[in-house]
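*Asks:* Here is a sequence with its predicted model. Questions after.
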Amino acid sequence: MGRKRALIRYCAIRLALAPLMLWLIASLVFILLRVAPGDPVDAILGNRANEIAREALRVKLGLDLSVWQQYSNFIIGLARGDLGEALVNQEPVRDIITRSLPASLELSITALILAISLGLLVGFTGIKSPESNIDLAGRIYGISTYALPPFWAAMLMQLLFAVLLGWLPVGGRFPPSLIQPEGSGFLILDCVINRNWIALQGTIRHLVLPASTLAILLSGIFSRALRINLERVLQTDHIQAARSRGIKESQIIAVHALPNSLLPVLTIAGITIASLVGGALLIEVTFSWPGIALRLQEAISQRDYPVVQGIVVVIATLVVFVSVITDLLVASIDPRVSY
């Protein structure tokens, strides 16, 4: 009971500190955007606009206010759940995020499932034949995939599977010749609910290439984590005792060693799924994937302060809550974990 109370207290403290951390992140983003070179008015009107038009737009967008007033309005609106409006088209930032976030989550979750499956397969295969050529190949795979530049890997996948072989679309999220189903924004789920199997096929074809590219880049992390932890667990006393009883090595690995080696993988997965939402920028840009990372890149290039601030706050919120949920899962699975 004491351990449960300690865990609940730890998570309560983390959740209580979340608003403070989000405020710090929002304040830092606000400051960095204001000191960075570039002017939203120039991004919207261009450099040839006259001073009267520029000043009128500045007043309309609220950029004529002092930095302190802009900051106060931003923080007060954030406390109310109001992320403001985009400077470019005056669209509510909440609507932009609501429209873009499902695409990033769909890509991230699919890529994470593929990455975990591929990483565990490589790591498990290597540990079954330690110091063999298979094990060496798995180690090289883990290091090389982690070191691959994302934009280079994405362009290579496009060149091979879209341009040369013509198996998959080169970019986008949905076939332009079809009508996109309405619903939650998760196209696979919406296609299944509407029983639109043609649209589902097109959605999956567009998803395969970016998700596979991202999965390959991430799988090396999981393969190395599983390989290292399996090697450590296999040297413990209870594994040696199982071997002395004549239990097969494959059964020892699968039944006794593997479950104890998956906790670090669970922790990495929890951290990765949150950071992927905003961290897959190069993948989304290369594949023209209409997710929140691509929208963030567009907002930065347009100096659209409210959109950048809103997206960063939402990503930070996801990271905080996913990390807390991961801590809960790890603590509930492993009784050795204490807080």
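*Replies:* Structure's in. What do you need? Everything numeric in this text was worked out from a predicted model, so none of it was measured.
*Asks:* tell me which strands and helices the strand or helix carrying Gly310 is in contact with?
*Replies:* In this assignment (DSSP states H and E), Gly310 forms part of helix 305-333. Helix 305-333 is packed against helix 2-35, helix 67-79, helix 93-128, helix 258-279, helix 292-301, with contacts defined by 3 or more C-beta pairs under 8 Å, 6 or more residues apart in numbering; DSSP states H and E. No exception for glycine: its C-beta is placed from N, CA and C like everyone else's.
*Asks:* and the last one with helix 305-333, angle?
*Replies:* Angular relation of helix 292-301 and helix 305-333 on a 0 to 180 degree scale: 150 degrees, by axes from the mean of the first three to the mean of the last three C-alpha atoms, to 10 degrees.
*Asks:* Same question for the first one.
*Replies:* In terms of direction (the same axes, to 10 degrees), helix 2-35 departs from helix 305-333 by 160 degrees.
*Asks:* How far does helix 2-35 sit from its chain's centre?
*Replies:* Centroid separation for helix 2-35 versus its chain: 19 Å, with C-alpha atoms, centre = their mean, to the nearest Å.
*Asks:* for the longest one, same thing?
*Replies:* Average the C-alpha atoms of helix 93-128, do the same for its chain, and the two points are 7 Å apart (C-alpha atoms, centre = their mean).
*Asks:* in that helix, what's buried?
*Replies:* Going by neighbour count (16 or more other C-beta atoms under 10 Å), the buried part of helix 93-128 is 93, 96-97, 100-112, 114-116, 118-120, 122-127.
*Asks:* can you give me the mean pLDDT across that helix?
*Replies:* The predicted model assigns helix 93-128 a mean pLDDT of 85.
*Asks:* packing partners for it?
*Replies:* helix 133-147, helix 187-193, helix 197-233, helix 258-279, helix 281-286, helix 292-301, helix 305-333.
*Asks:* What residues of the first one count as buried?
*Replies:* What it means is helix 133-147. Under the neighbour-count rule (16+ other C-beta under 10 Å), helix 133-147 has 135, 138-139, 141-142, 145 buried.
*Asks:* now the next helix or strand after it against helix 197-233, angle please.
*Replies:* The C-terminal neighbour of helix 133-147 among helices and strands, as given by DSSP H and E, is helix 150-157. For helix 150-157 against helix 197-233, the angle between stretch directions is 130 degrees (the same axes, to 10 degrees).
*Asks:* Okay, domains of this structure per the record?
*Replies:* By the assignment in automatic domain parsing, the chain contains the domains 1-88+305-339, 102-301.
*Asks:* what's near enough to touch the nearest residue to Arg227 once chain neighbours are set aside?
*Replies:* Here the nearest residue to Arg227 in space, its sequence neighbours aside, is Gly123; by C-beta to C-beta, 6 or more residues apart in numbering that works out to 4.3 Å. Gly123 is in contact with 138, 142, 222-227, 230, counting by C-beta atoms under 8 Å, 6 or more residues apart in numbering.
*Asks:* One more pass at 7 Å, please.
*Replies:* Gly123 is in contact with 138, 222-223, 226-227, 230, counting by C-beta atoms under 7 Å, 6 or more residues apart in numbering.
*Asks:* Tell me where the model's unsure across the stretch 151-300 of the chain.
*Replies:* In the predicted model of the stretch 151-300 of the chain, residues 249-250, 253-256, 258-262, 271, 273-279 satisfy pLDDT under 70.
*Asks:* follow-up on the earlier one: any idea how far the residue nearest to Arg227 lies from Gly270?
*Replies:* Separation of Gly123 from Gly270 (C-beta to C-beta, to the nearest Å) stands at 18 Å.
*Asks:* And stretch 159-171, end to end?
*Replies:* 11 Å (C-alpha to C-alpha, to the nearest Å).
*Asks:* now stretch 70-89
*Replies:* Separation of the first and last residues of stretch 70-89 by C-alpha to C-alpha is 19 Å.
*Asks:* next one: that stretch to chain centre, how far?
*Replies:* For stretch 70-89, the distance to the chain centre is 24 Å (C-alpha atoms, centre = their mean).
*Asks:* Same check on stretch 318-326?
*Replies:* Shown here is stretch 318-326, whose average C-alpha point lies 12 Å from the average C-alpha point of the whole chain (C-alpha atoms, centre = their mean).
*Asks:* pLDDT on that stretch, on average?
*Replies:* If you average the per-residue pLDDT over stretch 318-326, you get 78.
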